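Undergrad: Structure of the sequence below:
(one chain, ligands or ions: 1)
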Amino acid sequence: MNSMTENRAKEHGRNSNVAANGDFSAHVLTSNGELEGSSTPKSESPKGGFSSPLSGEEKRKILSESKFQRSLKSPILSDPSTTLTHVGNYKFHEVFQLKQGRYMDLPPSKISEMMKSNSLDNAPTQSLLSVVNSILDESVERNNSEIPHRVACLLRKVVQEIERRISTQAEHLRTQNNLFKAREEKYQSRIRVLEALAIGTNEETENEKNNREEKKKEEDESLIRLTKEKDQSNVEILALKQELEMTKNHCLDLEKEAKNCSFELEEKLKTLEKLYEDSKNKVIELESFSETKSQSWNKKEHIYQRFMEIQFGAFQDLRLSSNSIKQEIIKAKENYTEEINNFGFKLKTLANAAQNYHSVLAENRKIFNELQELKGNIRVYCRIRPFLPGQKERKTIIEHIDENGELIVANPSKPGKDGHRLFKFNKVFGQASTQEDVFSDTQPLIRSVLDGYNVCIFAYGQTGSGKTYTMTGPNASSKENWGVNYRALSDLFSISQTRKSSISYEIGVQMIEIYNEQVKDLLSNDNSQKKYPFSYSYNNLHLVDLAGSERVDRSEVTGDRLKEAQHINKSLSALGDVIFALAQKSSHVPYRNSKLTQVLQSSLGGQAKTLMFVQLNPDVISYSETMSTLKFAERVSGVELGAARSNKEGRDVRELVEQVASLRNTIAKKDEEIERLQLLKVHPGTGSLLKYTSPSLNRESEKNGNNVPKKSIRNSSSGKSLGGLTEKTTSSDHDNSSDYSDSQHSMEHDERPQNMSVDEHNRDHDHGDDHDHEDHHGDYDERLSDTSDNGTSIGADTDGSAENMVFAQIAKSNSSERLGRISRPTQKSENAKPTSPLSKGSLKISTSLKKTSSVNTTPTKSRTRQWQ
Ligand SMILES: Nc1ncnc2c1ncn2[C@@H]1O[C@H](COP(=O)(O)OP(=O)(O)OP(=O)(O)O)[C@@H](O)[C@H]1O
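TA: Numbering: from 1, shown residues only. This next block holds a predicted model:
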């Protein structure tokens, strides 16, 4: 019993750490929670091995100790530090309680020491639990739930120890419970024995009885006390049971937790092992990589060394070549100096050449103009209007357009080739042609104004065929849309700007309108019909936008509109007639039939360059109108007026003509004188002058081959009179004059004062004529020069040979005193007749049935000099 108790005490002491003072006490709990008994070696009963019942004081002490032990065991309630102060021989705290630092940071040796079975065996459970708690706390604190392997091992060991102890304690409690039960039975039997003894000793003495009663009383009291204590013990056992249950649960939780922890730890261990494996592999890889790297670096080092060697070699080469380059540079410098000298020399030559450039330029211009002249005077460009928006489905009559100016039109009522008609013009612009395309072919003509030519450009075509589009453009706001008018002016202005350093141009613009045969100045503020302000020495560019070419009977209008249409028709018919006459090389060109032809006379007369835009509407419904337009254009394109002449040439010729005229007068006078002398010789004594012979008569005589002045100059080819001193213009000749009035300007020579020369007479006559019509025309010089009905004209049909003859006469004669008196210029036109109107070089006419822009450019003296 003693040894058993000792063992139990030892066990208990190991568990509770309260056996250090040798006053060992054991507490046995019955299964129902009652305290069965307690024994100590000192109080063991001598009888039958049963110990005497413990005094109340002793029991309370044992109970209080038991409570204390339980409180020490409880990891929740106990304070490990206080507990450890009671542990005698073992300084567990030194092993398990860290004063500072963490378990995780403990060295493996320390942990191994802690894990020694002896240490764990001796360590109080509370310490072990606190170790577990601390490790778990640390793990929780660290947040990564990672527990180092060694700590995990320690934890496992500690948990195992705790498990072992818990199971031992449970076993111990079961044994104690049995012990308590056995003791209780023992006490019961003692009580029963004592009761039997009490009954059996009734006959004993009263003292004994009393003693026994006292004893019994005491025993009863003791029984009562014991019962009370038993009740108390039962309560405590119950509490202990509950506590045990709680501890059990707690242990189970801990067990679970420990299991989880160990599972996690195992997992982590595995992961760590894997990581370790990976790290190992990586280390191997890194090692091999570093090996490769080091090899490559070695290689690079080798290459670098090699490169350095090559560089060094190259550097040596460079040094050599630098020296040789230096030498070359010195040489090049010498060459350069030499070349600079040569260059200077060449530059001088170039400067000289540049000085000749202007003369070459002038020469080129001359050649260009000659080329233009060779092409003929009236050029015809045909432009086909595209279908307007909404007309896309319309059928076109345009079959073919050729780059060479050929145009084939298809008759919609005659399918097949029979219905095709070919026209040929200088140029045909298709529907896709732009304003720029059109202008690029027109520009050279416009520029020739600056070279001293008169230029006339007009657009002809039926209403809506695009005349205004071509001449003005649909919208002036966009340069792209600009028509010929804007582009021409812009071009002239820009050229005058470019040349301003060498030539100064004076440019004026005039706009007139011919409406119902009345000329109207559109730029005049007071709406009065002004004279053309230019003297008329200007070169002129006429830009004409004609009215629609369709016939009046088709337009079916009445009243004012009818009148207007009739005028238009009349003008266009007159234009057609003039052109027809020119094409036929007719001796009579009816310029005077309309204002239009009158004002365009200079442009159509052979001295100006003329361009006609024939505008076409491609729509099938306009076929007949288009055909008549095309036929008209065809006739115009057939007109060959001969070479155009610049005003400068005109002036030269005019001067020559004046000289020739003067010469003629002299010759005529001489002839007259000879005739008079001859008459005097034949009829001596008459002593009077012959009556002045009328030019008409003279002409008749001329026609009959009689009375031709012997010394008159004749055109060798035509046989017509060049002198024409006595020639009189017939009434039909008036039609050919450029006189814009409807009145006749002829004057019989017999109306001329005897002492007035023919030319003087003509001039006066012309002046008078102009006065009559200056409101419309106002060009006095023009009157003078254009009057062809005075019989004073020479050289109107003078060809080169005749001119040569005249020039020869001029050279011989000294008739300069007559210069300026005859102002009619010569004309080289083949079809021009002696009586045809001649335009003065400086003539400028601006006209249009609708609107006409007229641009005049006057070269300055310097420019004039350049031309000369
Ligand atoms: N080449 C073209 N490209 C585009 N549209 C054009 C072209 N030619 C003419 N048109 C258009 O056709 C229409 C008639 O043109 P425009 O007024 O110029 O004709 P027109 O012959 O001057 O007529 P009118 O005799 O009545 O003055 C206008 O709307 C014009 O914009």
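
Undergrad: give me the element residue 276 is part of.
TA: For residue 276, the host element (DSSP states H and E) is helix 206-375.

Undergrad: Quick check: next helix or strand after that helix?
TA: strand 378-384.

Undergrad: contacts for that next one?
TA: Applying CB atoms under 8 Å, 6 or more residues apart in numbering, the contact partners of strand 378-384 are 398, 401, 405, 407, 423, 425-431, 433, 438, 441-442, 445, 466, 470, 579, 604, 609-616, 618, 630, 633, 636-637, 639, 641. For every residue, glycine as well, the C-beta is placed using N, CA and C.

Undergrad: Mind listing the strands that strand pairs with, and their directions?
TA: In the sheet, strand 378-384 lines up against strand 427-429 (parallel), strand 609-616 (parallel) (DSSP bridges).

Undergrad: With respect to burial, which of those strands scores highest?
TA: Greatest average neighbour count among the strands paired with strand 378-384 goes to strand 609-616 (a mean of 28), per mean count of other CB atoms under 10 Å.

Undergrad: Between helix 206-375 and that strand, find me the angle.
TA: Strand 609-616 runs at 130 degrees relative to helix 206-375, counting by axes from the mean of the first three to the mean of the last three CA atoms, to 10 degrees.

Undergrad: What is the subsequent helix or strand relative to strand 609-616?
TA: Where DSSP H and E defines the elements, the next helix or strand beyond strand 609-616 is helix 623-637.

Undergrad: and that next one, average pLDDT?
TA: What helix 623-637 shows for mean pLDDT is 88.

Undergrad: ok, now stretch 399-418?
TA: For stretch 399-418, the per-residue pLDDT averages 90.

Undergrad: Name the residues of the protein found near the ligand, please.
TA: 385-386, 388, 461, 463-469, 474, 548, 615 (CB under 6 Å from any ligand atom).

Undergrad: Of these, which pair is most distant in space?
TA: The largest separation in those, counting by CB to CB, is between 386 and 548 at 18.5 Å.

Undergrad: How about the chain: which residue is closest to the ligand?
TA: Using CB to the nearest ligand atom, the closest approach of the chain to the ligand is made by residue 466 at 2.7 Å.

Undergrad: Just to check, that residue is in contact with residue 387?
TA: No - taking contacts as CB atoms under 8 Å, residue 466 lies outside contact range of residue 387: 11.5 Å.

Undergrad: quick one, which of these two is more surrounded?
TA: residue 466 (21 against 15; other CB atoms under 10 Å).

Undergrad: Next one: that one from residue 412, what distance?
TA: To residue 412, residue 466 is 21 Å away according to CB to CB, to the nearest Å.

Undergrad: Could you do residue 161 as well?
TA: Residue 161 is 122 Å from residue 412, by CB to CB.

Undergrad: Of those two, give the one with the bigger neighbour count.
TA: Remark: of residue 161 and residue 412, residue 161 carries more neighbours, 20 against 13, as counted by other CB under 10 Å.

Undergrad: ok, now how distant is the nearest residue in space to the more buried one that is not next to it in sequence from residue 173?
TA: What sits nearest to residue 161 in space, not counting adjacent residues and going by CB to CB, 6 or more residues apart in numbering, is residue 120, at 4.7 Å. Residue 120 sits 22 Å away from residue 173, taking CB to CB as the criterion.

Undergrad: quick one: which of these two has more around it?
TA: residue 120 (23 against 18).

Undergrad: re earlier: so for residue 466 and residue 387, which residues contact both of them?
TA: With CB under 8 Å, 6+ apart as the test, residue 466 and residue 387 reach no residue in common.

Undergrad: quick revisit: in contact with the residue of the chain closest to the ligand, which residues are there?
TA: So residue 466 contacts 383, 385, 615, 617 (CB under 8 Å, 6+ apart).

Undergrad: The last one reaches residue 386, doesn't it?
TA: No - using CB under 8 Å, residue 617 is not in contact with residue 386, being 10.2 Å away.

Undergrad: Compare neighbour counts for the two and give me the winner.
TA: residue 617 (25 against 14).

Undergrad: Regarding the nearest residue to the more buried one once chain neighbours are set aside, what is its secondary structure?
TA: Among residues not flanking residue 617 along the chain, residue 465 sits closest, at 4.5 Å (CB to CB, 6+ apart). Here residue 465 is recorded as coil under DSSP: H, G, I helix; E, B strand; the rest coil.

Undergrad: Pretty sure residue 465 sits against residue 613.
TA: No - with contact defined as CB under 8 Å, residue 465 does not reach residue 613; the gap is 9.8 Å.

Undergrad: Could you chop the chain up by domain?
TA: Split into domains by the TED database, the chain comes to 108-187, 382-654.

Undergrad: For these, give me JSON lines that also has distance to residue 339.
TA: Listed next are those as JSON lines, based on distance: least, CB to CB, whole Å:
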{"stretch": "domain 108-187", "distance to residue 339": "85"}
{"stretch": "domain 382-654", "distance to residue 339": "32"}
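
Undergrad: Now do the strands in the stretch 501-650 of the chain.
TA: Ranges of strands in the stretch 501-650 of the chain, per DSSP state E, counting those that start in this stretch, are 505-515, 518-521, 539-545, 609-616.

Undergrad: how about a markdown table for those, with mean pLDDT added?
TA: Shown next, in a markdown table, are these (pLDDT from 0 to 100):
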| stretch | mean pLDDT |
| --- | --- |
| strand 505-515 | 84 |
| strand 518-521 | 83 |
| strand 539-545 | 86 |
| strand 609-616 | 91 |
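
Undergrad: Out of those strands, which is closest to residue 222?
TA: Nearest of the strands of the stretch 501-650 of the chain (CB to CB): strand 609-616, 153.1 Å.

Undergrad: report the angle between the axes of the closest one and strand 539-545?
TA: Going by the same axes, to 10 degrees, strand 609-616 is angled at 10 degrees with respect to strand 539-545.

Undergrad: Rebuild the strands paired with strand 378-384 as a markdown table, extending it with distance to residue 233.
TA: Shown next, in a markdown table, are those (distance: least, CB to CB, whole Å):
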| stretch | distance to residue 233 |
| --- | --- |
| strand 427-429 | 135 |
| strand 609-616 | 139 |
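
Undergrad: wait, which of those is closest to residue 484?
TA: Comparing these under CB to CB, the one sitting nearest is strand 609-616, at 7.8 Å.

Undergrad: Surely the residue nearest to residue 161 touches residue 155?
TA: No - assessed by CB under 8 Å, residue 120 is found out of contact with residue 155, at 11.8 Å.

Undergrad: in stretch 435-453, what's buried?
TA: Across stretch 435-453, burial judged by 16 or more other CB atoms under 10 Å covers 435, 438-439, 442, 445-453.

Undergrad: Please read the previous query as pertaining to stretch 488-497.
TA: 488-489, 491-492, 495-496.

Undergrad: for stretch 221-241, same thing?
TA: Of all the residues in stretch 221-241, those buried under the rule 16+ other CB under 10 Å are 222-223, 226, 229-230, 232-233, 236-237, 240-241.

Undergrad: just for the stretch 651-800 of the chain, where's the confidence low?
TA: 651-668, 670-671, 673-800 (pLDDT under 70).

Undergrad: what's the answer for the stretch 51-200 of the chain, then?
TA: The stretch 51-200 of the chain contains residues with pLDDT under 70 at 51-100, 117, 143-145.

Undergrad: Do a quick rundown of the helices in it.
TA: 56-73, 80-85, 92-96, 108-115, 117-122, 125-142, 149-200 (DSSP state H, counting those that start in this stretch).

Undergrad: same thing with the stretch 551-700 of the chain?
TA: According to DSSP H, counting those that start in this stretch, the helices that the stretch 551-700 of the chain contains are 552-555, 559-583, 595-599, 601-604, 623-637, 647-682, 695-703.

Undergrad: Could you pull up the mean pLDDT of the second one?
TA: Think helix 559-583. 82.
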